[in-house]
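K.L.:
Predicted model and sequence follow; I will ask about them next.
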Amino acid sequence: MAEFVQLLFNGLVEGSIFGIAALGISLVYSVLHLVNFAAGDFLTLGAFAAFFFVTSLHMPFIVAVVLSMILGVVVSLILEFLLWQKLRKSGAGMLALFLVATGVAFILRQTISLVFGSNSRKFDLDQLTTYEFLGAQIAKTQLIVLCCASVAITAIALYIKKSTTGKNMRAYADNSSLAAVSGINVDRVILATWSISGAFGALAGVFQGTVQGQFTNGMGLDLLLSILAAVVLGTIGDAYGALIGGFVLGVVMELSTWDALFGGIPSTYKPVVAFAVLVIVLLFKPEGIFGVKARKI
Amino acid sequence: MTAIMQPGFWVFILTMAGIYGIFSLGLQVQYGVGGILNFGHVGMMALSSYTMAILVISHGINFWIAAASGVAVAALGGAFLGLTTLRLRGDYFSIVSIAFSEIVRYVIYNSDNLTGGVQGSLAIPVIGDNYPSYTDTWDSLVNHIRDFLQPRLGDYVDRDFVMGVLVWITLAILLLLVSRIEKTSWARVLRATREDDDVPAALGKNVFRFRLQAVIIGSIIGGIAGIYWGLESTLLSPDDFLTLVTFYGWMILILGGATKVKGLPIAAIFFGFLYGGTRFFTFWPFSIIDSSQRAYIRIMIIGFALIVLMMRRPQGIFGKRQEMVLE
């Protein structure tokens, strides 16, 4: 029982991080029809930027996190103006978008590697304090991450649902030409989408770095697989689905190591579980857990 | 700068270019004809080379049978990938394929008792008191060819030279085969599915089956590249099969003009020089960083090249722009 609670809690923490990162990818996809392969490296960027602000510039952790989120937004917007806008105007196909995103990922990752090297880093936080809950050991850092992530998720879900920009975003995703004709400020929608994706990518990176304890320049790339699985699980392009997909995947991945489940699988195989879940969902419910089958005309 | 002067280095570059060319040809069948975006192609290379190495080292199976089995496993990998995701929209296939190759690498990385794990093929369990090598049969073939050619052509014919020649002969044969395939009615149907599923379906063509066949053929070619990769590097490591390698293949494909096979070998050589040439970036401003950091620069340059290529010349150096949009 204690082990179950422990794994469930770990899964929720990990799932909240997946969810936040997956939301950015799904939102960008729904509005811009672009699978952002560089999203994983935005996580790395966020974690290393926060590390730099805390360690080298001696800023308080909270300020560092906010600044790293802003950096995520700035980088996303620069890329929008330099690349994505032009590609949209030239009517570039799926392949061009994929390959440019990959190129961005390479440049981002190598720049981080060049600046910070390949050594692992850790935030100067209290990693040792734990609380006992139903026999499970819950780290203070995990608890903080879960609380902050829940706040962030609620805020973004409300923003998409209630705010004008959020509504416009959904309208634009649904039917871009209709939205443009009815006077929606398309540029603002796109900038808002990139801002959310950049800020939340960086935030997810800081969270992951905090929970993991140590992180390296490959952190985001290692997570990308699970995040993409969460995106597909929650129906690609569905922001709420991505959040729930993230939680489901986080919990499933953790619980798969549970001893009571036929001894559980070795924890190094967790990403394989993410992939297995992905394949099973695609085979039996290809529209995602929450997706609706497109009607055939 | 001495390495530039050595012919051995150029032979190495050309051999690698040939192997990447074969690898890229697999993508060409999938994308150039079928419009399928496979970003997990390197997984097929990993499957074939590791299958070959394990069968030879751990089970003492004849090299040629092991190599054929390796290619067969790559084909099965392609079939698995296709059966699960090809019915879905194209972007799903791309995402799942990239996940597939990462999972293959991940499993290789963590299955110490089967694949040698992090230590690579040197740690694959051996039978008897053999040395964990899978190249013996191949080496003796290469040495025979060398002994035959050397008196006739000159002293520069060494093992690496013969290897390069065999790689390029294989590439030439495969290029010929693929360009034949691309003139068949099978390829015409497949090309039609690139633009629209409904028309070929209305004509009674099973679109899914055509696409699946394209993925399997591409995976077989990728598997052949994997065998050569294993033979050229003589030992395998999970890090040889990073997703990065798939994008090397894509870069060659785009450079050469994705819809025609003609440009592919030239693009492969071009890529080989770009890839190998970055190690001579010893002049300023690159001289201020050490050699391990220069490896980062190399990948950055590949990233820049991909972006510039897609922004400026998506049809490649030899392709026509219209063909990228509409065949």
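P.N.:
Thanks, I have the structure now.
K.L.:
On the pLDDT front, check the residue in the stretch 1-150 of chain A positioned nearest to chain B for me.
P.N.:
Closest residue of the stretch 1-150 of chain A to chain B, Cβ to the nearest Cβ: A:Phe106 (3.1 Å). (Glycine included, C-beta is placed from N, CA and C.) Per-residue pLDDT puts A:Phe106 at 91.
K.L.:
Thought B:Ala305 was touching it, still the case?
P.N.:
No: using Cβ atoms under 8 Å, A:Phe106 is not in contact with B:Ala305, being 9.6 Å away.
K.L.:
So which of those two has more stuff around it?
P.N.:
When A:Phe106 and B:Ala305 are compared for neighbours, A:Phe106 comes out ahead with 26 against 17, by other Cβ atoms under 10 Å in any protein chain shown.
K.L.:
Skipping adjacent residues, who's closest to the more buried one in space?
P.N.:
Nearest residue to A:Phe106, sequence neighbours excluded (Cβ to Cβ, 6 or more residues apart in numbering or on different chains): B:Gly303, at 3.1 Å.
K.L.:
does that neighbour sit in a helix, a strand or a coil?
P.N.:
helix (DSSP: H, G, I helix; E, B strand; the rest coil).
K.L.:
Contacts only, for it.
P.N.:
A:102-107, A:110 (Cβ atoms under 8 Å, 6 or more residues apart in numbering or on different chains).
K.L.:
do the same with B:Arg159
P.N.:
B:139, B:142-143, B:146.
K.L.:
Kindly reformat the residues you listed as TSV containing distance to chain A.
P.N.:
Listed next are the contacts of B:Arg159 as TSV, based on distance: Cβ to the nearest Cβ, whole Å:
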residue	distance to chain A
B:Asp139	35
B:Val142	35
B:Asn143	39
B:Arg146	38
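K.L.:
most surrounded residue in those?
P.N.:
Ranked by neighbours (other Cβ under 10 Å), those are led by B:Val142, which has 20 neighbours.
K.L.:
element containing the residue lying closest to it once chain neighbours are set aside, please.
P.N.:
Nearest residue to B:Val142, sequence neighbours excluded (Cβ to Cβ, 6+ apart): B:Val162, at 4.9 Å. B:Val162 is part of helix B:159-181, with elements assigned from DSSP states H and E.
K.L.:
Centre of the chain to that helix, how far?
P.N.:
13 Å (Cα atoms, centre = their mean, to the nearest Å).
K.L.:
Out of the contacts of B:Arg159, which sit inside strands?
P.N.:
Residues of those located in strands (DSSP state E): none.
K.L.:
Now do the contacts for A:Pro286.
P.N.:
Contacts of A:Pro286 by Cβ under 8 Å, 6+ apart are B:87-88, B:92.
K.L.:
Equivalent analysis for A:Thr165, please.
P.N.:
A:159, A:188-189, A:192.
K.L.:
next one: A:Ala92
P.N.:
Neighbouring residues of A:Ala92 by Cβ under 8 Å, 6+ apart: A:100, B:310, B:314.
K.L.:
What separation do you get for it and B:Arg89?
P.N.:
Using Cβ to Cβ, to the nearest Å, A:Ala92 is found at 18 Å from B:Arg89.
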